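Participant: Return a 3D structure for these sequence lines:
(chains A and B)
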Amino acid sequence: MDRPAGIFDIRYEQDMAVIRTAPQWVCLIGFLILLAALPLFADSYFLSFMILTGIALIAVLGLNILTGFAGQISIGHQAFVAVGAYTTAVLMDSFHWNFWATVPMAGVAAAAVGVLFGLPSFRLKMLYLTMSTLAAQFIIMAFFSHAFPDYFRAVSGIRVSRPELLGIDFRENEAFYYVVIGITVIMTYFSRNLVRGRLGRAFVAIRDNDLAGEVIGINVARYKLYAFATGCFYAGISGSLHASYYRMVNPPQFPIDVSIWYLGCLIVGGMGTTIGAIFGVFFLRIIKEFVTIISPILADLVSPLDAPKIGPGLGIISWALVVVLFLIFEPRGLAHTWEVLKSRFRHWPFKFSI
Amino acid sequence: MELFLQFITGGLFFGGMYTLIALGIVTIYKSTRVFNLAQGWMVTLSAFMLLTLVELLGGIAGVIAGLVFGALLGFGIDRLLMRPLIGQPLVAPFLLTIMLAYIFEGINILVWGSMSYEMPIKLPGESLRLGSVVVGHSLLWGIVAAVLAFTAFSMFYWRTLMGRVMRATAEDHQTAQSLGLPVKGVFSLSWMLAGMLSVIGGLFLGVVSGVNMLMYQSLLGAISVVLLGGLDSIAGAIVGGMILGLIQSLVVGYLSPSLADVIPYIILLGILIIKPYGLFGLVRIERL
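Facilitator: Numbering: from 1, shown residues only, chains lettered A, B, ... in the order given. I've put the predicted structure just below:
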């Protein structure tokens, strides 16, 4: 809670405000205008980059609530994204629902499944609970692959059409971009505020010391389930958008690798900070795109026999290595680096701040 | 009946492989309190490495070189990645092993590609005939290796001085350190042992089912073996491994092959709900 010099909170509203100073308001509004104006000058490659980043960001924000704030490590988050995606797809395909109605339903369905797999948290913690999320990943995906072939159609996949609202057709990426970014901004806002309230403080208390939390009157088991519900609700929303963006849902889209990648985003960004989730997702997404660009160039340098290995191999190594380096050298993530930078800037030319 | 025997031997073999992996995880967990999720990936990496080494050096020399590689791999992981994390919350090394798994996967793809290879080693002996049932001798070798590894580890832990040091370290790091035991050395040794176990596992799995990238999908199931048997129990590793191997083989044989990948996780979830500390694990009494 470092603040520029000369800012004093003389009313409670000021003390609680997320955005405190005029420059912060200018930055926020400028950034939102930039986001809104992006389709006017960005090309389609950059737009799809932003859409995919937004979808991933919603999922990572959910994981941040579950892992970063409540301290329950989940290595099966992509399965809950799959629950959201399948809810949207099946409701639209078999029951002819409107897309907009399926989005909250996707969140609720994922939250319900999340609570179901969070139930072992009554007795378990840490490593053991992580294992139950690992089981969730494989059991949920096997369920979608083998159960109810009439509804889930694992072999052919379910087609999903993009939505329409008030005569605006969201089939083009330019229009769909606004759907994703709008929902992402709203979800980020909720995430930022949720963790400052009663719920978020209870989560942090459970993470830091569950025994002490219990003693000061937090119902640990119930709040862990709340954490699962909230985190998986985010995953469900992300899954709904995912289904709609790819216009197709099938089981191979939701491997465990992506669950781990989400966790990597959190580590790179810094666990337990909303800004960290945003930094982490952008950082790893940029690395991914960078590898996609340079791997054909590298593939030209090696023999044709080795060329097909470069892309997938580098794609995995690059992000995993980055996460390992962050774990060793900057465990608090980019969010901490950002705080240090801001503080340096504020205290310049004095060096004794941090 | 003949099919049943086939399923039993197959199940025991995969149970043996699960045992080898679980032994690695348990060895590391016992002394360092780090759950090594990458053990299955280490087995795959070792199998690929064995492939190259055996082609270079020939049968026995290649396997010995492979064991040296396994020990070096474990030592390297401990020295370069785990040592800097001492003193941080236990979540950090756990997350690091997850990421390490993906680094290994990437290395595998970069160096060996995603093709399937055959391990160029012939195990001595011939297939066994029991009446009309044919039992592959490499399956038997795998089972024997798992039982031998289990026996050797039990003897090591209970009969030798170093084993006692390792058990003392597992009990409490700080007390062990203040009594003058080489805690860091124990950490390195456990990682080296786990690396060598992964080479043995890779050897037999490679001989029986070929070396390919799909191995870790199935090897990840060894995690449920560890939890089934108890996180810090050597005996749990072999009992849990054999139970899981048999159940998986029988379910795949009699019910449906599509269930093969889910069985370990259903067992995992069941054991977490019913008996979280496993069959032989040390129960830590904690109120939640």
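Participant: Every contact and neighbour count from this point should use C-alpha atoms.
Facilitator: Noted.
Participant: The residue of the stretch 101-250 of chain B found nearest chain A: neighbour count?
Facilitator: Proximity to chain A, evaluated over the stretch 101-250 of chain B using Cα to the nearest Cα, is greatest for B:Gly106 at 4.4 Å. Per other Cα atoms under 10 Å in any protein chain shown, the neighbour tally for B:Gly106 reads 25.
Participant: now B:Gln6: how far from chain A?
Facilitator: Distance of B:Gln6 to chain A, computed by Cα to the nearest Cα, to the nearest Å: 26 Å.
Participant: so is the residue of the stretch 101-250 of chain B closest to chain A in a helix, a strand, or just coil?
Facilitator: helix (DSSP: H, G, I helix; E, B strand; the rest coil).
Participant: and the residue nearest to it when sequence neighbours are not counted, what helix or strand is that in?
Facilitator: Nearest non-adjacent residue to B:Gly106, counting by Cα to Cα, 6 or more residues apart in numbering or on different chains: A:Gly313, 4.4 Å away. A:Gly313 is part of helix A:307-329, with elements assigned from DSSP states H and E.
Participant: which element is B:Phe204 on?
Facilitator: With DSSP H and E as criterion, B:Phe204 is part of helix B:183-209.
Participant: Buried residues of whichever helix or strand comes after that helix, list them for me.
Facilitator: Counting by DSSP H and E, the next helix or strand C-terminal to helix B:183-209 is helix B:215-219. Of the residues in helix B:215-219, those buried under the neighbour-count criterion (16 or more other Cα atoms under 10 Å in any protein chain shown) are B:215-216, B:219.
Participant: where's the residue of the stretch 201-350 of chain A found nearest chain B relative to B:Thr97, distance?
Facilitator: Residue nearest to chain B within the stretch 201-350 of chain A: A:Gly313 (4.4 Å; Cα to the nearest Cα). Per Cα to Cα, to the nearest Å, A:Gly313 is found 18 Å from B:Thr97.
Participant: Check B:Gly58 too.
Facilitator: Distance from B:Gly58 to B:Thr97, by Cα to Cα: 32 Å.
Participant: who has more neighbours, these two?
Facilitator: Using other Cα under 10 Å as the criterion, B:Gly58 and B:Thr97 rank with B:Thr97 on top: 21 against 14.
Participant: Identify the residue of the stretch 151-288 of chain B closest to chain A, quick one.
Facilitator: Residue of the stretch 151-288 of chain B nearest chain A, by Cα to the nearest Cα: B:Tyr265 (4.8 Å).
Participant: thought that residue was touching A:Ile139?
Facilitator: Yes - counting by Cα atoms under 8 Å, B:Tyr265 does reach A:Ile139; the two are 6.8 Å apart.
Participant: which of these two has more neighbours?
Facilitator: For B:Tyr265 versus A:Ile139, neighbours defined as other Cα under 10 Å are more numerous around B:Tyr265 (25 against 21).
Participant: Chain neighbours aside, what residue packs nearest to the more buried one?
Facilitator: A:Ala135 (4.8 Å).
Participant: Can you check my assumption that that neighbour lies in a strand?
Facilitator: No - the assignment for A:Ala135, made by three-state DSSP, is helix rather than a strand.
Participant: Show the pLDDT at it.
Facilitator: Looking at A:Ala135, its pLDDT is 87.
Participant: Distance of it relative to B:Leu272?
Facilitator: Taking Cα to Cα, one finds A:Ala135 at 10 Å from B:Leu272.
Participant: picking up where we left off before, check the residue nearest to B:Gly106 and give its pLDDT.
Facilitator: 80.
Participant: How about the contacts made by it?
Facilitator: B:105-110 (Cα atoms under 8 Å, 6 or more residues apart in numbering or on different chains).
Participant: same thing but 6 Å
Facilitator: Listed by Cα atoms under 6 Å, 6 or more residues apart in numbering or on different chains, the contact set of A:Gly313 reads B:106, B:109-110.
Participant: can you redo those as CSV with pLDDT and distance to A:Ala154?
Facilitator: Putting these into CSV (pLDDT from 0 to 100; distance: Cα to Cα, whole Å) gives the following:
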residue, pLDDT, distance to A:Ala154
B:Gly106, 88, 28
B:Ile109, 85, 27
B:Leu110, 84, 31
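Participant: so which of these would you say is closest to A:Leu66?
Facilitator: B:Gly106 (28.2 Å; Cα to Cα).
Participant: dump the residue contacts of the closest one.
Facilitator: Contacts for B:Gly106 were tallied using Cα under 6 Å, 6+ apart; they are A:313, A:316-317.
Participant: which regions of the stretch 151-300 of chain A lie under the pLDDT threshold?
Facilitator: Low-confidence segments of the stretch 151-300 of chain A (pLDDT under 70): A:164-170.
Participant: for it, what spans make up the strands?
Facilitator: A:158-159, A:164-165, A:168-169, A:248-249 (DSSP state E, counting those that start in this stretch).
Participant: cool, chain B as well?
Facilitator: With strands called from DSSP state E, chain B shows them at B:128-130, B:133-135.
Participant: Can you point out the buried residues in the helix or strand hosting A:Val83?
Facilitator: A:Val83 is located in helix A:77-94, with elements delineated by DSSP H and E. Across helix A:77-94, burial judged by 16+ other Cα under 10 Å covers A:77-93.
Participant: which bits of chain B sit near chain A?
Facilitator: B:96, B:99, B:102-103, B:106, B:109-110, B:113, B:265, B:269, B:273 (Cα under 6 Å from any Cα of the partner chain).
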